[in-house]
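Undergrad: 3D, please:
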Amino acid sequence: MSTSLILVCVWAVIANVLAMTPSRDHHWRNAYILIGIGIPLVGYVTAQHGPWVGLLVLAGGCSVLRWPVIYFGRWLRRSLGRAQGPAE
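TA: Below is the predicted model of the structure:
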């Protein structure tokens, strides 16, 4: 197994351990840290193994960090809705 995939597996284990610990801010601080570490890891995996494996790793990360992804999607939809304006 390559270094990038080992690092992604370690990231996934750490994410699951952090999810099991109690948190006052509903794990948002942990999510920000995991996102900051995970984005370069996805790039590293994509550079070593190609875009399909990179997309699989990205999908796995999105499943672990699903609430930040949901909130980002809602924010993006609101932002694009305002930018387009009325349909008339």
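Undergrad: list the buried residues in the worst-scoring helix or strand of the chain on mean pLDDT.
TA: Here the helix or strand of the chain ranked lowest by mean pLDDT, DSSP states H and E is helix 66-84, holding a mean of 87. Across helix 66-84, burial judged by 16 or more other C-beta atoms under 10 Å covers Pro68. For glycine as for every other residue, the C-beta is placed from the backbone atoms N, C-alpha and C.
Undergrad: contact partners of it?
TA: The list of residues contacting helix 66-84 from outside it, by C-beta atoms under 8 Å, 6 or more residues apart in numbering, reads 28, 31, 35, 62.
Undergrad: was I right to think Ser4 contacts Gly43?
TA: No - using C-beta atoms under 8 Å, Ser4 is not in contact with Gly43, being 9.3 Å away.
Undergrad: which one of those two is surrounded by more residues?
TA: A side-by-side neighbour count of Ser4 and Gly43, using other C-beta atoms under 10 Å, places Ser4 first with 20 against 14.
Undergrad: no further queries at this time; thank you.
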